[in-house]
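Participant: got a predicted structure here, sequence first:
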Amino acid sequence: MNLLKKIINFSLPNWLIAMLVLVFILRIPSFFEPFSYGDEMIYLTLGEAIRQGLVLYRDIHDNKPPLLYILAAIAGNVFWFRAILAFWNIIYIVIFWVLLKRLLPKNPKGQKVGTFIFAILSTIPLFEGQIANSEVFMIGFSILAFLILLSNNLNTNKILGAGIMFSIATLFKVPAAFEMPIIVILWLFEEKFNLGGLIKVSKKTIILLLGFIAPILLTFVWYFSRNGLSEYIGAAFVQNVGYLSSWRPDDIQKSFIDRNLPLLIRGFIVFATVTILYIYRKKLSPTFIFATIWLLLSLFAATLSERPYPHYLMQTVPPLSILVAILFTTSNKEQVFSIIPLFIFGVTPFYFKFWYYPTSSYYNRFLEFATGRVTIEEYFKKFDTKLPRNYKIAEFLTTMTKPDDRVFVWGSTSTIYALSKRLPPIKYVTDYHVKDFYSPEIVLKDLATSPPFVIVLLPEADNFPQLKNFLIDNYLRIKTIDNAEIWHLMRR
């Protein structure tokens with residue numbers, strides 16, 4: 001009842017309402033984007049598989065935990081996927097503002113600056129804020145977990161609830177788990193380094209871990225009941241270990257130390273910084289210590305694979321925003337100290353050569369379309385020159401197949417699956433999945449055992465001569481769309 005009263009009486013300041021309106025306006029172009037973003041197409045394809053009753057990981061594959069695919073199943077298409085993201089983004093901007101009120105209680109200007117930086121960076125294309133990736137969903141639950149843990153009168157229920165929030169974040173993407181140790185480090189900073197202090201921290205940590213483990217164990221039970229537990233653990237958790245330094249495949253022949261030396265160096269930097277912060281903890285504010293540790297651990301998580309995808313950096317946006325607020329709105333020694341973690345953040349994208357998505361051209365592209373200066377086909381081609389062709393193929397497939405008919409697309413796109421809402425006859429939806437976890441030869445055996453109704457052979461696909469021979473023997477080419485061949489099963 002008290003919680004309900006707080007929600008009813010909760011009001012937002014005018015400046016925050018104006019900011020949320022701005023965020024929504026900045027997200028409008030994302031509602032009009034075509035089916036083009038590769039990872040999003042995989043999510044929607046697996047979401048369709050859920051709708052059709054398939055068991056994730058056992059019957060159809062990708063390597064993220066299940067919550068993103070469940071969300072994609074609820075959405076059903078790009079528009080609703082982005083609409084859900086926009087709604088959640090607005091909610092967690094408010095949550096972040098409440099967190100800043102606790103972290104910077106006597107600094108209203110800092111609260112505004114931090115909230116503004118966070119709202120913009122979590123929305124614009126710089127870190128792919130407009131794309132429905134795991135990171136833009138999971139950070140909201142991490143922020144909520146910290147809001148709970150930094151509240152007054154911390155008790156068992158609050159710690160359990162925070163652990164559950166971290167768990168939900170992790171069920172969007174595993175690197176979210178790297179943020180949970182932050183609060184344990186802060187607890188150690190607060191207590192005296194003796195047996196009593198360690199016991200006190202250990203008890204709270206165990207409660208936090210119980211909250212964290214419980215939802216994940218429930219997913220284990222569910223997949224066990226569907227005979228898919230081993231596939232689930234392998235795809236969603238174990239395979240992610242292979243992401244460590246996976247952008248340097250040539251290093252696989254090196255020794256463990258040589259291969260993982262960059263990772264170990266990053267770990268040492270985190271450890272050394274935490275040690276320094278512990279030594280000087282009485283001279284620094286808890287907010288500065290918290291934000292610095294959060295930024296370093298989130299950077300460590302974002303660079304685990306050394307892959308240069310901008311959305312990986314979305315995990316760093318909350319602590320980054322706090323430190324920027326400290327830099328621009330305080331006039332004490334921490335204003336100077338904040339430059340150090342911010343410098344580390346600034347160097348990271350350049351060192352790892354993170355890709356860059358320009359913001360101005362993104363909005364200019366939409367304005368051209370919205371004002372009629374380009375046609376819808378020209379607009380689609382600005383995302384991918386092959387996109388109009390993919391739409392034509394998907395439309396053709398929906399007219400000649402039933403929803404439960406299987407189709408096989410050999411090419412580097414899962415867009416056709418997502419657009420047509422048709423599923424492949426095998427568990428892999430992209431060519432790189434086949435290369436990484438399967439093989440073309442096994443695919444051919446599967447196609448011979450359970451031939452799909454239609455096979456689409458895209459011109460940009462890798463050479464697969466055995467597939468062409470299989471098509472000639474068992475299929476009839478019925479249509480060619482922009483050099484993409486569509487083959488129909490001769491017997492059914």
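Facilitator: Perfect, I can see it now. Numbers count the residues shown, from 1 in each chain.

Participant: use CA for all of it now, contacts and neighbours both
Facilitator: Fine.

Participant: can I assume D446 is in contact with P424?
Facilitator: No: because the distance of 11.0 Å does not satisfy CA atoms under 8 Å, D446 is recorded as not touching P424.

Participant: neighbour-wise, which of these two wins?
Facilitator: Neighbours around D446 and P424, counted as other CA atoms under 10 Å, are more numerous at P424. The numbers are 22 against 14.

Participant: that one and V454, how far apart?
Facilitator: Distance, P424 to V454, by CA to CA, to the nearest Å: 10 Å.

Participant: identify the contacts common to these two.
Facilitator: With CA atoms under 8 Å, 6 or more residues apart in numbering applied, the overlap between the contact sets of P424 and V454 consists of 406-408.

Participant: where does the prediction get shaky in the stretch 101-250 of the chain?
Facilitator: Segments of the stretch 101-250 of the chain classed as low confidence (criterion: pLDDT under 70) are 240-250.

Participant: of the shared contacts of P424 and V454, closest to F300?
Facilitator: F408 (38.6 Å; CA to CA).

Participant: surely the closest one touches V456?
Facilitator: Yes: shown here, F408 and V456 form a contact pair, counting by CA under 8 Å, at 6.1 Å.

Participant: give me the longest helix you can find in this protein.
Facilitator: As assigned by DSSP state H, the longest helix anywhere in the chain is helix 195-225.

Participant: and that one, how far out from the chain middle?
Facilitator: Mean-position distance between helix 195-225 and its chain equals 23 Å (CA atoms, centre = their mean, to the nearest Å).

Participant: my read: L103 touches S285, true?
Facilitator: No: under the criterion of CA under 8 Å, L103 makes no contact with S285, lying 9.7 Å away.

Participant: okay, these two: which has more neighbours?
Facilitator: Neighbour count, other CA under 10 Å: between L103 and S285, L103 has more, with 21 against 12.

Participant: now do the helices in the stretch 101-250 of the chain.
Facilitator: Along the stretch 101-250 of the chain, the segments classed as helices by DSSP state H, counting those that start in this stretch run 108-121, 134-149, 156-170, 180-190, 195-225, 229-233, 239-241.

Participant: L264: which of those is closest?
Facilitator: Across the helices of the stretch 101-250 of the chain (criterion: CA to CA), the nearest stretch is helix 239-241, sitting at 14.9 Å.

Participant: packing partners for whichever helix or strand comes after the closest one?
Facilitator: The first helix or strand that comes after helix 239-241 along the chain, using DSSP states H and E, is helix 256-279. Under the contact definition 3 or more CA pairs under 8 Å, 6 or more residues apart in numbering; DSSP states H and E, helix 256-279 sits against helix 286-302.

Participant: where along the stretch 351-492 of the chain do the strands fall?
Facilitator: If DSSP state E, counting those that start in this stretch is used as the criterion, the strands of the stretch 351-492 of the chain fall at 407-410, 454-457, 475-481, 484-489.

Participant: need the residues that contact the longest one.
Facilitator: Just to be clear, that refers to strand 475-481. Outside strand 475-481, the residues within contact range by CA under 8 Å, 6+ apart are 389, 392-393, 485-490.

Participant: go again using 6 Å as the cut-off
Facilitator: Strand 475-481 is touched from outside by 486-490, with contacts defined as CA atoms under 6 Å, 6 or more residues apart in numbering.

Participant: what angle do it and strand 484-489 make?
Facilitator: Taking axes from the mean of the first three to the mean of the last three CA atoms, to 10 degrees, one finds strand 475-481 and strand 484-489 inclined to each other by 150 degrees.

Participant: tell me, what residue is most central in this structure?
Facilitator: S134 (2.0 Å; CA atoms, centre = their mean).

Participant: export the contacts of strand 475-481 to CSV and tack on pLDDT?
Facilitator: Shown next, in CSV, are the contacts of strand 475-481 (pLDDT from 0 to 100):
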residue, pLDDT
I486, 96
W487, 95
H488, 94
L489, 93
M490, 87
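
Participant: mark which of the residues you listed are buried, thanks.
Facilitator: When neighbours are counted using 16 or more other CA atoms under 10 Å, the contacts of strand 475-481 contain these buried positions: 486-489.

Participant: which one among these gets closest to I289?
Facilitator: Distance ranking of these against I289, using CA to CA, places I486 first at 59.3 Å.

Participant: quick check: beta-bridge partners of the closest residue to that closest one other than its chain neighbours?
Facilitator: The spatially closest residue to I486, leaving aside those adjacent along the chain, is V456, at 4.6 Å (CA to CA, 6 or more residues apart in numbering). Beta-bridge pairing for V456 (DSSP bridges): V409, I486.

Participant: so what's V456 up against?
Facilitator: 409, 485-486.

Participant: out of the residues you listed, flag the one nearest to I159.
Facilitator: Checking those against I159 with CA to CA, the nearest one is V409 at 47.5 Å.

Participant: still on that earlier bit, now distance to A236 too, for the strands of the stretch 351-492 of the chain, in CSV please.
Facilitator: As requested, those are exported to CSV (distance: least, CA to CA, whole Å):
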stretch, distance to A236
strand 407-410, 24
strand 454-457, 29
strand 475-481, 36
strand 484-489, 33
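
Participant: can you say which of those is nearest to S36?
Facilitator: Counting by CA to CA, S36 lies closest to strand 407-410 out of the strands of the stretch 351-492 of the chain; the figure is 15.8 Å.

Participant: mind giving me the packing neighbours of the closest one?
Facilitator: For strand 407-410, the packing partners by 3 or more CA pairs under 6 Å, 6 or more residues apart in numbering; DSSP states H and E come out as strand 454-457.

Participant: then the strand it packs on to PDB, C-alphas only?
Facilitator: Presented in PDB, the C-alpha positions along strand 454-457 are these (Å, rounded to 0.1, in the frame of the first residue of the first chain):
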ATOM      1  CA  VAL A 454      11.500 -23.800 -51.100                       C
ATOM      2  CA  ILE A 455      15.300 -23.000 -51.300                       C
ATOM      3  CA  VAL A 456      16.600 -19.500 -51.900                       C
ATOM      4  CA  LEU A 457      20.100 -19.200 -53.400                       C
END
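
Participant: pLDDT on that strand, on average?
Facilitator: Rounded to a whole number, the mean pLDDT of strand 454-457 is 95.

Participant: same question, stretch 408-420
Facilitator: On average, the pLDDT along stretch 408-420 is 90.
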